[in-house]
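> give me coordinates for this.
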Amino acid sequence: MTFRIQYALGAALLAAAFGLTTPQANAQQGYKGTFNLPFETYWGGSVLEPGQYTVSVESPTMSMRVLRVTGNGGTATILTGPSELIDESSHGRLVLANINGTHAIQQFDVGGLGRSFTFTLPKAFHDKAVRAGHSTPATTTSIAVE
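Predicted coordinates:
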C-alpha cells in the first residue's frame, strides 16, 4: 500500500512539474531579423564578410540564448550571456565598435524581445588594431536589424 501511495504521489509531482515548465517554455520566444554588413566584422569567434545576413535568437534558457547568423553561404553560432531589458519595438540594432577600420559587434538590441545583449570584443579584434599600430579609442556605428 505504501508503494502505491508513493508511486501516485511521485506521478502527481512529475505531472505538476511538467505543467509548470510548459508555460515557461512557451513564454521563451524567438526572434528573426535581417541586416546588411557593409564591411568585414568580428562577432564572437566568427568573422562575417560584407553582405546580407539573417539572425535568429533561440531561447534555451533565460540566462543564455543562442544566436544563429546565416549569410554568404555560412552559419555562425554565437552564445550570449545575460541580457538587459530594453523597451520593446519592431526593430533591432547592432552596435559595432570600430578601431581604424576593424569592426566588431559590441551590442545587439533585439527590440522584438525587449532585450539588449553586450559582447566582449574578441582578442583578434584588439590584436589586429595593435598590429596596425593604432591606439585610437574605438568609435561605434549602428546598423538596423529589420
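
> and Ser46, bridged to which residues?
Taking DSSP bridges, one obtains Trp43 as the residues bridged to Ser46.

> can you pull the contacts of it?
By Cβ atoms under 8 Å, 6 or more residues apart in numbering, the residues touching Ser46 are Val69, Ala76, Ile78. All C-beta spots, glycine's among them, are computed from the backbone N, C-alpha and C.

> with respect to Ile143, which of the residues you listed is nearest?
Val69 (12.8 Å; Cβ to Cβ).

> can you tell me how far the closest one is from Thr41?
10 Å (Cβ to Cβ, to the nearest Å).

> common neighbours of those two, please.
With contacts defined as Cβ under 8 Å, 6+ apart, the residues shared by Val69 and Thr41 are Leu48.

> okay, these two: which has more neighbours?
Each of Val69 and Thr41 has its neighbours counted (other Cβ atoms under 10 Å); Thr41 has more, 23 against 20.

> on that earlier part again, need the contacts of Ser46 in TSV with pLDDT, secondary structure and distance to Gly30, can you?
As requested, the contacts of Ser46 are arranged in TSV below (pLDDT from 0 to 100; DSSP: H, G, I helix; E, B strand; the rest coil; distance: Cβ to Cβ, whole Å):
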residue	pLDDT	secondary structure	distance to Gly30
Val69	95	strand	14
Ala76	91	strand	17
Ile78	90	strand	15
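
> so which of those comes closest to Ala104?
Distances from Ala104 to the contacts of Ser46, taken by Cβ to Cβ, are shortest for Ile78, at 12.0 Å.
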